[in-house]
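A.B. asks: What follows is a predicted protein model with its sequence.
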Amino acid sequence: MSIAAQYHQHGYVAPIDILNDNEVAHYRAALEDAEARLGSLHYEQNIHTQLRSAFELATNENILDAVEAIIGPDIRLYCATYIIKEPHTDTFVSWHQDLTYWGLDNSDKVVTGWLALAPATPESGCMKMIPGSHKRGQLKHHTTDVSNNVLFQGQTVKDLDPDDGVYCPLEPGQLSLHHGWTLHESLPNHSQDRRIGFNLQFVAPSVKNTNGIRVPTILVRGEDNCGHFDDEVPASGEADAESMTRHKHYTDLMTQAFKSQHN
């Protein structure tokens with residue numbers, strides 16, 4: 001079954017081979033070198049405007065080929081974020097749907113990618129998906145106050161049967177893609193290694209922001225004849241001064257757009 005057929009039937013597709021072992025080692029080292037200088041980069045939004053290595057990884061041709069199979073040949077990078085669970089920690093991600101708080105229309109032209117730079121296993125807290133749940137549309141999310149929930153405001157879909165969830169393990173260098181309405185969660189990391197994921201959101205240029213805030217994005221393949229997004233500038237180096245200034249501006253806009261969906 002093709003990537004597109006699996007995605008449309010189940011709401012996700014995995015695993016997709018993207019990087020070889022040498023490439024995984026290179027990009028993990030680039031991230032951890034940056035962490036040694038800057039501190040934690042966990043959940044740092046728009047990291048591709050801060051680190052050139054992150055932009056190079058986000059625009060890997062194998063990733064874009066897989067995304068193109070889902071949303072077509074014209075692709076904008078909406079956001080890129082490292083999501084890291086340290087060994088033997090209790091952080092988790094509750095059941096949720098990505099599109100609930102993004103403020104984007106046309107859900108079939110939005111896709112999330114998750115690239116593993118370390119083993120993502122049930123022990124390390126890999127994602128769980130509920131197959132076919134994207135066909136249910138948007139579900140009600142509840143705000144919770146749980147300190148170790150990674151999600152902003154701990155938004156959670158309640159009253160789900162946990163047995164419906166399917167583990168989505170990935171070896172380093174493998175990618176999953178999922179629909180914005182696909183229900184997914186991830187549990188704590190009880191392994192000996194960090195669980196390092198590179199979270200990516202891609203949109204077709206035809207997608208519109210519904211909250212009136214023009215979030216900057218980057219055209220990474222094809223053409224944009226719609227003009228719904230401002231153009232973002234990728235990082236020119238590894239956290240050089242110019243990139244850091246632009247990154248703060250872009251992150252402030254993204255945070256403003258995200259918070260507007262919670263009000």
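C.D. replies: The structure has been received and is ready for your questions.
A.B. asks: quick one, what contacts His247?
C.D. replies: His247 makes contact with 46-47, 49-50, 235, according to CB atoms under 8 Å, 6 or more residues apart in numbering. Using the backbone N, CA and C atoms, a C-beta is placed for each residue, glycine as well.
A.B. asks: repeat that with 10 Å
C.D. replies: Counting by CB atoms under 10 Å, 6 or more residues apart in numbering, His247 makes contact with 44-51, 232-233, 235, 239.
A.B. asks: so the spatially most central residue of the chain bridges to which residues?
C.D. replies: Nearest to the mean C-alpha position of the chain, by CA atoms, centre = their mean, lies Asn199 at 2.7 Å. Here Asn199 shows beta-bridge partners Thr81, Trp114, assigned using DSSP bridges.
A.B. asks: so what's it scoring on pLDDT?
C.D. replies: Asn199 carries a pLDDT value of 97.
A.B. asks: repeat for Ala257
C.D. replies: 68.
A.B. asks: What of Pro119?
C.D. replies: Note for Pro119: predicted pLDDT of 98.
A.B. asks: And the helices in the stretch 151-263 of the chain, which stretches?
C.D. replies: Ranges of helices in the stretch 151-263 of the chain, per DSSP state H, counting those that start in this stretch, are 241-260.
A.B. asks: now the strands: where do they sit in it?
C.D. replies: 166-167, 174-179, 184-186, 195-203, 218-221 (DSSP state E, counting those that start in this stretch).
A.B. asks: Now do the fourth one: which elements does it pack against?
C.D. replies: In other words, strand 195-203. Other helices and strands packing on strand 195-203, by 3 or more CB pairs under 10 Å, 6 or more residues apart in numbering; DSSP states H and E, are helix 21-38, helix 52-58, helix 61-71, strand 75-85, strand 110-116, strand 174-179.
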